[in-house]
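Peer 1: the sequence and its predicted three-dimensional model are supplied below.
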Amino acid sequence: MSEIGHFKFSNRVLAVPLTAMIIIWGVYWIELALEVNFNEMGVMPRTLLGLRGVVLSPFIHGSLEHLYNNTIPLAILLSALWYFYRDVAWKVVLFGILLSGLITWLIGRTSYHIGASGLIYVLASFIFFKGIFSSYFRLVALSLIVVFIYGSMLWYIFPVKEGMSWEGHLAGFLTGLFLAKMVKARIPQTKKYDWEKEDFKEEDDPFLQHFDENGNFKEISSDEDGNEDENLKFNYVFKKSPKSDLDK
């Protein structure tokens, strides 16, 4: 697949993030309007009822600040995922939510774990490692951009802030790394010139035939019978021009 055919804008690049924003903000609005609290539907580690939070927790947020902090990173990373990895985007999101939720359920503290930050860590980790693993220059550049913008997130996979689900962040980070390694995404092939190919032979190149083994230009002429004569060679010698009065 060529680069032009691979990196192609589609409505999903905007529609998917916009839909995700509408859902998480809508859930929070329902909580305020009905004066209810959905926190108990989050992940409660090592309890049977707490397993429902594996699917529901990304849509539940504890405060307006919590919701706002997750909105912009989620929108940006979802857009990047659908633009650069659209063929595996749904797989990354669905498996990312399930695997990160299950890991949180296994290793988390006895508390309700809620918020889309686990999915954000899945996306950031996947985009970063997939770009590095691909070695394709555009995807590597995307990985560096993710590090530049969200590199500070790495600290929060450790228990550095009270009241924050670092277990969910760690679960998302590990899940993204796992998916980057296991999910096979189509990577556009880098265009190679003839001289970059393994089976390239210098003697078959029409241009290089005008140079000898020392890099000297040789004139290839034809005799009366049409046979090529390679005896005439030109060596170019460059001399400095005499200094003018202005240079003295």
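Peer 2: That came through, no problem. Numbering: from 1, shown residues only.

Peer 1: which element is Ile22 on?
Peer 2: helix 12-34 (DSSP states H and E).

Peer 1: output that helix as CSV, nothing but the C-alphas.
Peer 2: Extracted in CSV, the C-alpha atoms of helix 12-34 (Å, rounded to 0.1, in the frame of the first residue of the first chain):
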residue,chain,number,x,y,z
ARG,A,12,-14.3,8.8,11.3
VAL,A,13,-11.2,10.8,12.2
LEU,A,14,-13.6,13.4,13.6
ALA,A,15,-16.8,11.4,14.1
VAL,A,16,-15.4,8.8,16.5
PRO,A,17,-13.7,11.3,18.9
LEU,A,18,-16.8,13.5,18.8
THR,A,19,-19.1,10.6,19.6
ALA,A,20,-16.9,9.6,22.5
MET,A,21,-17.0,13.2,23.9
ILE,A,22,-20.8,13.3,23.6
ILE,A,23,-21.1,10.0,25.5
ILE,A,24,-18.8,10.8,28.4
TRP,A,25,-20.2,14.3,28.8
GLY,A,26,-23.8,13.0,28.4
VAL,A,27,-23.3,10.4,31.2
TYR,A,28,-22.0,13.1,33.5
TRP,A,29,-24.9,15.4,32.6
ILE,A,30,-27.3,12.6,33.4
GLU,A,31,-25.7,12.2,36.9
LEU,A,32,-26.2,15.9,37.5
ALA,A,33,-29.7,16.1,36.1
LEU,A,34,-31.0,13.0,38.0
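
Peer 1: report the buried residues of it.
Peer 2: Under the neighbour-count criterion of 16 or more other Cβ atoms under 10 Å, helix 12-34 has 12-13, 16-17, 20-21, 24-25, 27-28, 31 buried. Placement of C-beta: from N, CA and C, glycine included.

Peer 1: now render those residues as a markdown table, adding pLDDT and distance to Val93.
Peer 2: Formatted as a markdown table, the buried residues of helix 12-34 follow (pLDDT from 0 to 100; distance: Cβ to Cβ, whole Å):
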| residue | pLDDT | distance to Val93 |
| --- | --- | --- |
| Arg12 | 90 | 12 |
| Val13 | 93 | 14 |
| Val16 | 96 | 8 |
| Pro17 | 96 | 11 |
| Ala20 | 97 | 9 |
| Met21 | 97 | 14 |
| Ile24 | 97 | 14 |
| Trp25 | 97 | 18 |
| Val27 | 97 | 17 |
| Tyr28 | 97 | 20 |
| Glu31 | 96 | 23 |
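
Peer 1: which of those residues sit farthest apart?
Peer 2: Val13 and Glu31 (29.4 Å; Cβ to Cβ).
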